[in-house]
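Asker: only geometry, no sequence info:
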């Protein structure tokens, strides 16, 4: 069992290290876009399914409340939290529309839509990114594997090139934290 523990940790670390090396420039570019969005009094809108839904909520909470430093709240919204909206859209229209309809209602030109999908092929995330583009929102995605359809659609794409879902999700959470930290530091200074 100890061998599996160490091997799993090393494999996860290797995926994150390779991702960080390959995507450093894209991470900085996305951070700059998020900062520009927030400084222009626009918001970050985050969404995904399952573990990616939890990531969306987690990331929005880090922006609205705090990450490592006490600072003013930053405008962010997770589209995964309102069970009445999600179930009414899913029931009356389609599960594929649960995020797109919210983007239509809540998104504005200048906002940034961040879709999270381990496969890059989640239809409801893809439809929301399409709708965000139509509204003049900036678009970003965190994906895995080969990036799926989603990676090619967005302005800012970060892909974890492995098919092992746990390592994709671990890397997504890691980069979400790095993004929050860099946004805080660039906008308000570092942690004490």
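Answerer: The structure has been received and is ready for your questions. This one's a predicted model, so the numbers in the text were calculated from it and none came from an experiment.

Asker: What is the subsequent helix or strand relative to the helix or strand hosting residue 34?
Answerer: Per DSSP states H and E: residue 34 is located in helix 2-39. Remark: after helix 2-39, the chain's next helix or strand is strand 44-48, criterion DSSP H and E.

Asker: Which positions in whichever helix or strand comes after that following strand come out as buried?
Answerer: Following strand 44-48 in sequence order, the next helix or strand is helix 51-64 (DSSP H and E). By 16 or more other Cβ atoms under 10 Å, the buried positions in helix 51-64 come out as 51, 52, 53, 54, 55, 56, 57, 59, 60, 62, 63. In short, each C-beta sits where N, CA and C put it, glycine included.

Asker: Show me the shaky parts of this structure.
Answerer: Across the chain, the ranges flagged by pLDDT under 70 are 191-192.

Asker: can we see that at 80?
Answerer: Scanning the chain with the threshold set as pLDDT under 80 gives 1-2, 190-192.

Asker: In it, which strand is the longest?
Answerer: Longest strand of the chain, by residue count under DSSP state E: strand 138-144.

Asker: how much does it deviate in direction from strand 44-48?
Answerer: For strand 138-144 against strand 44-48, the angle by axes from the mean of the first three to the mean of the last three Cα atoms, to 10 degrees is 30 degrees.

Asker: by contact count, what packs against strand 138-144?
Answerer: Applying 3 or more Cβ pairs under 8 Å, 6 or more residues apart in numbering; DSSP states H and E, one finds that strand 138-144 makes contact with helix 2-39, strand 112-116, helix 123-135, helix 148-153, strand 156-160, helix 165-188.

Asker: Kindly recompute the last result at 10 Å.
Answerer: helix 2-39, strand 44-48, helix 51-64, strand 112-116, helix 123-135, helix 148-153, strand 156-160, helix 165-188 (3 or more Cβ pairs under 10 Å, 6 or more residues apart in numbering; DSSP states H and E).
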